[in-house]
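> Quick one: sequence and predicted model below, then my questions.
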Amino acid sequence: MAETNRSGELEILVLVAERGSLSAAARQLGVSPSAVSKAMSRLEARLGVQLLQRSTRRVQLTAEGTQLYQGAKRLLADLNELEADVAVRSAPRGTVRIGASTSTGAVLLLPLVPRLRELHPGLSLDLYFTDHVVDLADAGIDIAIRWGALPASDVVARLLGHTRQIVVAAPQYLARHGEPLHPDELEGHVRLGWNYPRAIPHWPFLVDGRRTAVDIGHAIRVNDGDVMRRLALEGAGLARLSLYHAWDDVASGRLVPVLEAFNAGDLEPIHAVYMGRPDRLPPRTRAVLDFLQAHVDLRHAEVALPQGGVA
């Protein structure tokens, strides 16, 4: 037996009754008047009663049509209310705790928060920014943003993108100390570095087509990416930053890329990590992960800079 769209036929009947004509109902639905007429004929044939009295100027309901119209209107209203209730209940709800370093949180996450809340108003966000690597379970973190290669662990990762690393300095620093034109010249410059346990004590370069690591013996060390960036902006020394963090400063000329001809071109991955099986994630966590993968845009941070910086 052919499947019948019973609720669709009832909706058409309600529109015909309220608009007073087949053509008006057809315009409301965006279909042809003949499609509306055929739907009403099918409904009448199935019920075995006449529902409409048709004339050249107007369509009126019969007594049976009026009875069906009144019941159909109540039924469709209940159906709409039921669907709306189910949609609300199935929408992501609850609190999602997101962890990140302070600089990553400020640069990558905070600009996305309004859009995320707009798309998922049922979500509450608990943002936990720290420059210490924390255990997700111990800190109660649902999703963490991690830079660099991931150590072996029981977390699951979604790749958000990559960013290049660049050496930069403020124009006032270069005016005082000159610009290094070769990695060998770094010895005479102030270098800013990291003091956290996983920090790499050298900067990689490509010299004469061969990869080399220059031990830069940092004069100033910090554990916060934004502090590193601010020190560079103040002219305290040379810093090796992710292009994603430094993009706006390079584009505005507040920071100048140096030694780009020797940049090793390494791409540092950025992941959203979480615990548990991907197929058993709570809807709230899955919604945030999907959002981050769709909206974190790192394409500009992956490419080599043109000569002279950002155009």
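Looks like it came in fine. Numbers count the residues shown, from 1 in each chain.
> if you average pLDDT over the helix ranked longest in the chain, what comes out?
Secondary structure assigned by DSSP state H gives helix 63-90 as the longest helix of the chain. The average pLDDT within helix 63-90 is 83.
> Next, the buried residues of it.
Residues of helix 63-90 classed as buried: 65, 68, 69, 72, 73, 75 (neighbour count, 16 or more other C-beta atoms under 10 Å). C-betas here are computed from N, CA, C, even on glycine.
> Same question for stretch 225-232.
Within stretch 225-232, the residues that qualify as buried are 225, 226, 228, 229, 231, 232, counting by 16+ other C-beta under 10 Å.
> returning to that earlier point: report all helices and strands that the longest helix of the chain contacts.
Applying 3 or more C-beta pairs under 8 Å, 6 or more residues apart in numbering; DSSP states H and E, one finds that helix 63-90 contacts helix 6-19.
> Let's verify residue 158: helix, strand, or coil?
strand (DSSP: H, G, I helix; E, B strand; the rest coil).
> quick one, helices of the stretch 51-200 of the chain?
Along the stretch 51-200 of the chain, counting by DSSP state H, counting those that start in this stretch, helices occupy 63-90, 102-104, 113-119, 136-139, 171-177.
> Out of those helices, flag the one nearest residue 253.
helix 171-177 (7.0 Å; C-beta to C-beta).
> count of residues packed around the residue nearest to residue 21 when sequence neighbours are not counted?
With C-beta to C-beta, 6 or more residues apart in numbering as the criterion, residue 21 has its nearest non-adjacent residue at 5.6 Å, and that residue is residue 59. By other C-beta atoms under 10 Å, 22 other residues sit near residue 59.
> do the same with residue 222
Other residues near residue 222 number 19, with proximity taken as other C-beta under 10 Å.
> Surely it touches residue 228?
Yes: here residue 222 reaches residue 228: they are 5.3 Å apart, a contact under C-beta atoms under 8 Å.
> any residues in contact with both of the two?
Common neighbours of residue 222 and residue 228, using C-beta atoms under 8 Å, 6 or more residues apart in numbering, are 192, 194.
> So in terms of bridging, what pairs with the residue lying closest to residue 231 once chain neighbours are set aside?
Nearest non-adjacent residue to residue 231, counting by C-beta to C-beta, 6+ apart: residue 192, 5.6 Å away. Beta-bridge pairing of residue 192 under DSSP bridges involves residue 220, residue 239.
> From residue 129, how far out is residue 192?
To residue 129, residue 192 is 21 Å away according to C-beta to C-beta, to the nearest Å.
> ok so, going back, any chance of the buried residues of helix 63-90 in TSV, plus distance to residue 255?
TSV is the format used below for the buried residues of helix 63-90 (distance: C-beta to C-beta, whole Å):
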residue	distance to residue 255
65	75
68	73
69	71
72	67
73	66
75	65
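> Show me which of those is closest to residue 284.
Among those, and counting by C-beta to C-beta, the member closest to residue 284 is residue 75, at 33.5 Å.
> hang on, the earlier thing: how far off centre is the longest helix of the chain?
Distance, stretch centre to chain centre, for helix 63-90: 36 Å (C-alpha atoms, centre = their mean, to the nearest Å).
> now do stretch 236-253
From the chain centre to the centre of stretch 236-253 is a distance of 24 Å (C-alpha atoms, centre = their mean).
> Show me which positions of it end up buried.
Neighbour count says stretch 236-253 has 236-247, 249-250 buried, by 16+ other C-beta under 10 Å.
> same deal with stretch 21-41?
Here stretch 21-41 shows 21, 22, 24, 25, 26, 36, 37, 39, 40 as buried, counting by 16+ other C-beta under 10 Å.
> do the same with stretch 286-293
Within stretch 286-293, the residues scored as buried using 16+ other C-beta under 10 Å are 286, 287, 288, 289, 291, 292.
> and those residues as TSV, adding secondary structure, pLDDT and distance to residue 110?
Output for those, formatted as TSV (DSSP: H, G, I helix; E, B strand; the rest coil; pLDDT from 0 to 100; distance: C-beta to C-beta, whole Å):
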residue	secondary structure	pLDDT	distance to residue 110
286	helix	92	22
287	helix	93	18
288	helix	95	14
289	helix	94	18
291	helix	94	14
292	helix	94	13
